[in-house]
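*Asks:* the following block contains a protein sequence and its predicted model.
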Amino acid sequence: MRVVVDNTKGGEARFASNLQESLNAAGFEVDVREPSAHAMYDTAVHFVVEAVSVRVPADIGRGELKVVAAAVRDAEARRCSERHRVRAVPIYQGETSRVMGWVDVFALDPI
């Protein structure tokens with residue numbers, strides 16, 4: 001099954017790479033969307049709601065969704081600072097804006 005790590009907002013290249021590794025290890029084919037050349041992060045001007053998200057197919061099963069969430073938590077646990085570890089990662093249904101769940105290191109079963 002193919003999932004997408006969406007880093008088009010350009011927030012966290014290292015985390016996107018770690019997330020790709022975790023999802024690959026869990027058995028998923030992973031595409032990573034890199035930020036465009038126009039992505040700017042000036043937090044004094046822009047409010048960044050999310051930096052990295054995961055997009056999964058609409059027909060994903062609950063069991064597979066839990067595996068995705070576990071891979072996200074694994075990647076979050078390896079973030080370089082505690083402040084970054086507490087950021088939640090949304091899992092979107094395909095290319096829609098429907099969030100299937102938010103994953104953070106604290107939730108036991110967020111999905």
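*Replies:* Done, it's in.
*Asks:* please make it C-alpha for all contacts and neighbour counts, starting now.
*Replies:* OK.
*Asks:* quick one: name whatever helix or strand follows the helix or strand of the chain with the lowest mean pLDDT.
*Replies:* Taking mean pLDDT, DSSP states H and E as the measure, the chain has helix 82-85 as its least confident helix or strand, at a mean of 66. Using DSSP states H and E, the helix or strand that directly follows helix 82-85 along the chain is strand 89-93.
*Asks:* and the next helix or strand after that next one, which strands flank it?
*Replies:* Next along the chain after strand 89-93, taking DSSP H and E as the criterion, comes strand 99-103. Under the criterion DSSP bridges, strand 99-103 sits next to strand 89-93 (antiparallel) in its sheet.
*Asks:* how about the strand it pairs with: buried residues?
*Replies:* Across strand 89-93, burial judged by 16 or more other Cα atoms under 10 Å covers Val89, Pro90, Ile91, Tyr92, Gln93.
*Asks:* stretch 61-68 too?
*Replies:* Applying 16+ other Cα under 10 Å to stretch 61-68 flags Leu65, Val67, Val68 as buried.
*Asks:* for the most centrally placed residue in the chain, give the beta-bridge partners.
*Replies:* By Cα atoms, centre = their mean, the mean C-alpha position of the chain lies nearest to Ser53, the distance being 3.4 Å. Under DSSP bridges, the beta-bridge partners of Ser53 are Asp6.
*Asks:* who's in contact with it?
*Replies:* Val5, Asp6, Asn7, Val89, Pro90, Ile91, Tyr92 (Cα atoms under 8 Å, 6 or more residues apart in numbering).
*Asks:* which one of those residues sits closest to Ser17?
*Replies:* The closest of the contacts of Ser53 to Ser17 turns out to be Val5 (Cα to Cα; 8.8 Å).
*Asks:* right, and the closest one touches Val52 too?
*Replies:* Yes - counting by Cα atoms under 8 Å, Val5 does reach Val52; the two are 7.0 Å apart.
*Asks:* so for the two, which residues contact both of them?
*Replies:* Contacts common to Val5 and Val52, judged by Cα under 8 Å, 6+ apart, are Ala16.
*Asks:* quick check: mean pLDDT of the biggest helix by length in the chain?
*Replies:* In the chain, assigned by DSSP state H, the helix with the most residues is helix 62-77. Here helix 62-77 scores 92 as its mean pLDDT.
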